[in-house]
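[1] A predicted structure for the sequence below; I have some questions about it.
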Amino acid sequence: MTKFIIILLSAVFINNYVLSRFLGICPFLGVSKKLDSATGMSLAVIFVMLMATAATWPIQMYLLNPNGLGYLQTIVFILVIAALVQLVEIVLKRYIPALHKSLGVYLPLITTNCAVLGVTILNIDEGYTFAEAMVNSLGSGLGFFLAMVMFSGVRSKLEGADIPKNFQGLPITLIAASITSLSFMGFGGVIENLFA
Amino acid sequence: MTEILTAVIPVVIIGIICAAVLVVASKIMEVKEDERFPAVRECLPGANCGACGYAGCDGYAKALVENDSVPTNLCIPGAEAVAKQLSEALGVEFSEVKKQIAVIHCCGDCEHTKDRVDYRGMESCRAANLLFGGKGECTYGCLGMGDCQKVCPKDAICIENGIAHINQSRCIGCGMCAKTCPNGLISMIIADKAQAVVSCSSRDKGAVTRKVCSNGCIGCRKCVKVCPGGAINVIDNVAVIDPEKCTGCGECAANCTTNCILMYDENGLHRV
């Protein structure tokens, strides 16, 4: 049980996908302008990360590894995740239109999101069991959610700030993102010592 | 050669399986879209500006298809050309896009009202309004910091004598200023119709309004009485004119005790 908690917390705080591993920066900068779209995007990412792990972990363990095709990991995962997201979109549109309406616009964006691909590949690299891999994906998704919500707060403050003309727009956003990510370095080593 | 094949064949097989699943799923779980939707969506400019009042062009197209009572002339950037195409695509009667123009409902300039504080904050109406309703005596009036001027794409607004003025010949009726004004002082009126415009938005009681601004509407109801068409009502201590009923006769403007009703016609906005 402790191991699951360690995996979850370290995925959220220490190895935060956006702020420590720098994966999924595109939606982090693109969709974080408003809180509601940031939440919608993050929920979609959590959902897709879990689905993608559930699909790719068995493929790697029972299809690729036994046949000595481990080197095809990246290309097969991209293919499977893209197809999976499309399938999820079709299913949502048919059976849960309300959810499709709130997550729908973000789903195609996630199809080729590097954070999702990163989670699935790192799950294999770390040698996680299926349950551990799922917990890690959940933690990574929550970490993405945390980063998005935090950063949308930062950006709403930037809206009203008196920024020098040269820094307006993307430059100040990148500076703010770097400072936010710097603050997450403070979590390094916390979790290991918490359960030591 | 065999190495290449051992890599290519599994990927191709997985790809084919994925494709097959998607094709089957999209056939089984197909959601029927109104067949007019793509045609309607095609007519719209795709700028997603939101001037129609819907969330982007897709939203407007959807509303048009689903609800027959949604008018086809809401797309302001597309103007008449788009309205015509939409009407054709939907098979409904074409009604022309009425050109709109912005008018400001405040005439509390420096001669008629005073500042009560010396404001030295950000040069923005929105910021100034957050600080006890702005620097002026009247908290409903124009703040004069030019937020509307900044958003106007045609430079049709200038700040003169402490309040915003709209250059009617330059205004294209996009409504950006009306959305920006923190006090909601700007409204859009039909451009080619003569009508009366109340140039005050103060919802304070008459006595309070009179104290802070010599040009404000005090809600005396004189205009309500003289209006031959019954187009005027006093709501929340300020006269409100129903543009549908107003004939532009000018009786109200001529009789207004504080001269806060202006007339709009082909010569622009003016006092009587």
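    Arrived safely.
[2] please make it C-alpha for all contacts and neighbour counts, starting now.
    Will do.
[3] quick check: A:I90 vs A:A82, distance?
    Using Cα to Cα, to the nearest Å, we find A:I90 at a distance of 13 Å from A:A82.
[4] more neighbours, these two?
    A:I90 (22 against 19; other Cα atoms under 10 Å in any protein chain shown).
[5] show me what contacts the more buried one?
    B:25-26, B:29-30 (Cα atoms under 8 Å, 6 or more residues apart in numbering or on different chains).
[6] ok, now B:V234?
    So B:V234 contacts B:219, B:221, B:224, B:240 (Cα under 8 Å, 6+ apart).
[7] how about B:L64?
    B:40, B:70-72.
[8] most surrounded residue in these?
    Neighbour counts for these, by other Cα under 10 Å, peak at B:T72, which reaches 26 neighbours.
[9] which residue, other than its chain neighbours, is closest to it?
    Leaving out its chain neighbours, the residue that sits closest to B:T72 by Cα to Cα, 6 or more residues apart in numbering or on different chains is B:A83, at 5.4 Å.
[10] what's the helix or strand for that neighbour?
    Applying DSSP states H and E as the criterion places B:A83 in helix B:79-90.
[11] show me what that helix packs onto, helices and strands only.
    helix B:36-43 (3 or more Cα pairs under 8 Å, 6 or more residues apart in numbering or on different chains; DSSP states H and E).
[12] tell me the gap between the helix it packs on and the middle of its chain.
    25 Å (Cα atoms, centre = their mean, to the nearest Å).
[13] quick check: end-to-end length of stretch B:263-271?
    So stretch B:263-271: terminal residues 6 Å apart, Cα to Cα.
[14] quick one on the thing from earlier: dump the contacts of B:L64 to a markdown table, plus secondary structure and pLDDT.
    Shown next, in a markdown table, are the contacts of B:L64 (DSSP: H, G, I helix; E, B strand; the rest coil; pLDDT from 0 to 100):
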| residue | secondary structure | pLDDT |
| --- | --- | --- |
| B:V40 | helix | 80 |
| B:V70 | coil | 78 |
| B:P71 | coil | 78 |
| B:T72 | coil | 78 |
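[15] got phi/psi on A:N113?
    phi -70, psi 130 (degrees, to the nearest 10).
[16] one more: B:M263?
    Dihedral angles for B:M263 - degrees, to the nearest 10 - are phi -110, psi 140.
[17] so which bits of the longest helix belonging to chain A are buried?
    Taking DSSP state H as the criterion, chain A has its longest helix at helix A:130-160. Residues of helix A:130-160 classed as buried by neighbour count (16 or more other Cα atoms under 10 Å in any protein chain shown): A:130, A:132-149, A:151-152, A:154-155, A:158.
[18] repeat that for stretch B:257-272.
    Residues of stretch B:257-272 classed as buried: B:257, B:259-264, B:269 (neighbour count, 16+ other Cα under 10 Å).
[19] what does stretch B:249-259 give?
    For stretch B:249-259, a neighbour-count test (16+ other Cα under 10 Å) marks B:250-257, B:259 as buried.
[20] and that stretch, average pLDDT?
    The average of the pLDDT scores along stretch B:249-259 is 88.
[21] which residues sit against it?
    By Cα under 8 Å, 6+ apart, stretch B:249-259 touches B:195-196, B:214-218, B:220, B:222-224, B:226-227, B:260-263, B:271-272.
[22] at 10 Å what do you get?
    B:107, B:194-199, B:210, B:213-229, B:232, B:260-264, B:270-272 (Cα atoms under 10 Å, 6 or more residues apart in numbering or on different chains).
[23] nearest residue to the middle of chain B?
    B:G175 (3.9 Å; Cα atoms, centre = their mean).
[24] for it, what are its contacts?
    So B:G175 contacts B:51, B:76, B:100-102, B:148, B:151-152, B:186-188 (Cα under 10 Å, 6+ apart).
[25] counting only helices, which of these make the cut?
    Using DSSP H, the contacts of B:G175 in helices are B:148, B:151.
[26] and which of the contacts of B:G175 is nearest chain A?
    B:V151 (15.4 Å; Cα to the nearest Cα).
[27] that closest one touches B:S124, doesn't it?
    No. Assessed by Cα atoms under 10 Å, B:V151 is found out of contact with B:S124, at 11.8 Å.
[28] so which residues on chain A come close to chain B?
    A:63-64, A:67-69, A:71-72, A:75-76, A:79-84, A:86-95, A:160-162 (Cα under 10 Å from any Cα of the partner chain).
[29] try it again at 7 Å.
    Residues of chain A found near chain B (Cα under 7 Å from any Cα of the partner chain) are A:76, A:79, A:83, A:87, A:90-91, A:94.
[30] now these as JSON lines including distance to B:A89 and pLDDT?
    JSON lines is the format used below for the residues of chain A next to chain B (distance: Cα to Cα, whole Å; pLDDT from 0 to 100):
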{"residue": "A:V76", "distance to B:A89": "44", "pLDDT": "90"}
{"residue": "A:L79", "distance to B:A89": "39", "pLDDT": "90"}
{"residue": "A:A83", "distance to B:A89": "35", "pLDDT": "90"}
{"residue": "A:L87", "distance to B:A89": "32", "pLDDT": "86"}
{"residue": "A:I90", "distance to B:A89": "28", "pLDDT": "85"}
{"residue": "A:V91", "distance to B:A89": "31", "pLDDT": "83"}
{"residue": "A:R94", "distance to B:A89": "27", "pLDDT": "81"}
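[31] run through chain A and note the low-pLDDT ranges.
    For chain A, the stretches flagged by pLDDT under 70 are A:104, A:196.
[32] mind listing the helices for it?
    Using DSSP H, helices in chain A cover A:2-9, A:25-30, A:35-58, A:73-95, A:97-103, A:107-110, A:114-125, A:130-160, A:170-184, A:190-194.
[33] residues contacting B:G230?
    B:V224 (Cα atoms under 7 Å, 6 or more residues apart in numbering or on different chains).
[34] am I right that it is in a strand?
    No. Assigned with DSSP: H, G, I helix; E, B strand; the rest coil, B:G230 falls outside any strand and is coil.
[35] check the gap between it and B:N67 for me.
    33 Å.
[36] wait, isn't B:I159 in contact with B:G144?
    Yes. Assessed by Cα atoms under 7 Å, B:I159 is found in contact with B:G144 at 6.3 Å.
[37] more neighbours, those two?
    B:G144 (24 against 17).
[38] which residues does that one contact?
    Per Cα under 7 Å, 6+ apart, neighbours of B:G144: B:159, B:162-164.
[39] quick one: secondary structure of it?
    coil.
[40] which parts of chain B sit against chain A?
    Residues of chain B lying near chain A (Cα under 7 Å from any Cα): B:11, B:15, B:18, B:22, B:26, B:29-31.
[41] the strands in chain B, which residues?
    B:100-104, B:157-160, B:163-166, B:186-190, B:195-198, B:232-235, B:238-241, B:261-265, B:268-270 (DSSP state E).
[42] for the second one, what is the average pLDDT?
    Per-residue pLDDT values over strand B:157-160 give a mean of 90.
[43] take it, keep the C-alpha atoms, and write them as PDB.
    This file holds the C-alpha atoms of strand B:157-160, laid out as PDB (Å, rounded to 0.1, in the frame of the first residue of the first chain):
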ATOM      1  CA  ILE B 157     -14.200  56.600 -30.200                       C
ATOM      2  CA  CYS B 158     -12.500  59.600 -28.600                       C
ATOM      3  CA  ILE B 159     -12.400  60.800 -25.000                       C
ATOM      4  CA  GLU B 160     -13.400  64.500 -24.900                       C
END
